[in-house]
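1. model the structure of this input:
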Amino acid sequence: MSDPIAPFARGTLLGFSIAAPVGPIGVLCIRRTLAEGRATGLATGLGAAAADGLYGVMAAFGLTWLTSLLVAQQNWIRLVGGLFLLWLGVTTLLAKPADHAARATGAGIAGAFGSTFVLTLANPMTILSFIAIFAGLGIGAGSSRTDAALLVAGVVTGSAAWWLLLSAGVDRLRTKFDAGAMRWVNRFSGFVIVGFAVWSLAGVFVKKGH
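-> Numbering: from 1, shown residues only. As a prediction, the model looks like this:
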């Protein structure tokens, strides 16, 4: 009988490694934690972790028909995702710093979770990365369902652990940020997110041009 800890541990390390590089979601998590508190920042990251988990399930259990559909429509999905990212970047850039941190409400947390869940799903190439990595780890459509489920659970756990550490760490710095500093955080975050949006949209149109 195979050791159930092994696939879960590998998945946890994989999920943490995938989440850790600071991309648009990381910038958004930092900015929302500073502006709205740790709960909203954590919800932002958990939205990405949930999307990674969904793509992980599809890769691990060999849902090839859905994978093919996503890859076939990847330009349209990336276009919508890029436009959403552009809107998010511009609104962040123009956001006025609040006089005090917003209270974490159910609607605010749900919105933070939902927006990053959608943004992460808007990059269907993520599933191809999972398929390649899982194949390298010996996990695929023909493998044990238990091992596949444990690996996906590990991916979600590892990703969530990163977002918990990031939001908790940034939250400790909140007292050092006054309105002037938050204005610069908004500007920097907005420019970075707009940059990611332009890069994403450019990739769509360059491919269409070919």
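2. surely residue 43 is in contact with residue 115?
-> No. In this structure residue 43 lies outside contact range of residue 115 using Cβ atoms under 8 Å: 9.5 Å. The way it works is simple: take the backbone N, C-alpha and C, and place the C-beta from them, glycine included.
3. which of these two has more neighbours?
-> Between residue 43 and residue 115, residue 43 has the larger neighbour count (other Cβ atoms under 10 Å), namely 26 against 19.
4. just read off the phi/psi values of the more buried one.
-> phi -60, psi -40 (degrees, to the nearest 10).
5. pull the contacting residues for it.
-> 109-110, 112-113 (Cβ atoms under 8 Å, 6 or more residues apart in numbering).
6. now these: which count as buried?
-> In terms of neighbour count (16 or more other Cβ atoms under 10 Å), the buried residues within those are 109, 112-113.
7. for residue 149, state which of those residues is nearest.
-> For residue 149, the nearest member of the buried ones among the contacts of residue 43 is residue 113. The distance, counting by Cβ to Cβ, is 22.8 Å.
8. need the contact list for that closest one.
-> Going by Cβ under 8 Å, 6+ apart, the list of residues near residue 113 reads 43-44, 46-47, 50.
9. coming back round to it: just put the contacts of residue 43 in a markdown table and tack on distance to residue 14.
-> What follows is the contacts of residue 43, written out as a markdown table (distance: Cβ to Cβ, whole Å):
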| residue | distance to residue 14 |
| --- | --- |
| 109 | 26 |
| 110 | 27 |
| 112 | 24 |
| 113 | 22 |
